[in-house]
Every structure is written in structure tokens, then in C-alpha cells.
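> Only the shape, not the letters, is given here:
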């Protein structure tokens, strides 16, 4: 079974953190800049650590080039 969550990503932040806004929606801060997909990689790394999953279990479904992303887990 897979779950989809919405993310509001803040790239080039001073900290790396995840904050739940509501069920299925999170704010995510990453240090990586939004260049060459580095911020997306950092988001996947941070989510994998937070949810204790393999990185391959996470996939950006929508919003590769925007700050608002839909991520599929599982």
C-alpha cells in the first residue's frame, strides 16, 4: 500500500527539518540549493531518515521543479 503526502519545500535553508502541518502535509527545510536536482535529493534523503525507509521507497510524483511537491511513499 502506498501513501501520498504533500510537501512545501524550502531549499537553501539554514537547517534541515520536517514539520507536520496536517495529516498528509509537511513543511520541509533542506540546506541544498535548488540546482541540478540537489534539493530534491536532499528532500528524499531527509524523508527516508524521518520515516525510517529506504530512499528507493520514496518518489516525487509531482513538482520536480517547484517548491510544492507530491511524494509517494511505498
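Received the coordinates, thanks. Treat the numbers as computed from the prediction; the structure is a model and nothing was measured. Numbers count the residues shown, from 1 in each chain.

> Tell me both backbone torsions, phi and psi, for the spatially most central residue of the chain.
Nearest residue to the geometric centre of the chain (CA atoms, centre = their mean): residue 43, 3.7 Å. Per-residue torsions, residue 43: phi -60, psi -50 (degrees, to the nearest 10).

> Now do the contacts for it.
Neighbour list for residue 43: 7, 9, 28, 30, 60, 69, 71 [criterion: CB atoms under 8 Å, 6 or more residues apart in numbering]. Yep, even glycine has a C-beta here, placed from its N, CA and C like the rest.

> ok, the residues you listed vs residue 38, which is closest?
residue 30 (8.6 Å; CB to CB).

> Apart from its neighbours in sequence, what residue is nearest the closest one?
residue 42 (3.9 Å; CB to CB, 6 or more residues apart in numbering).

> That neighbour: what's it in contact with?
Per CB under 8 Å, 6+ apart, neighbours of residue 42: 11, 16, 30-32.

> One more pass at 7 Å, please.
By CB atoms under 7 Å, 6 or more residues apart in numbering, the contact set of residue 42 is 30-32.

> cool, residue 24 as well?
Counting by CB under 7 Å, 6+ apart, residue 24 has contacts 5-6.

> Give me the phi and psi for it.
phi 90, psi 10.

> what do you get for residue 57?
Per degrees, to the nearest 10, the backbone of residue 57 is at phi -80, psi 0.

> Thought residue 74 was touching it, still the case?
Yes. Here residue 57 reaches residue 74: they are 6.0 Å apart, a contact under CB atoms under 7 Å.

> Pick out whichever of these two has more residues nearby.
Taking other CB atoms under 10 Å, residue 57 and residue 74 do not tie; residue 57 has more neighbours (14 against 11).
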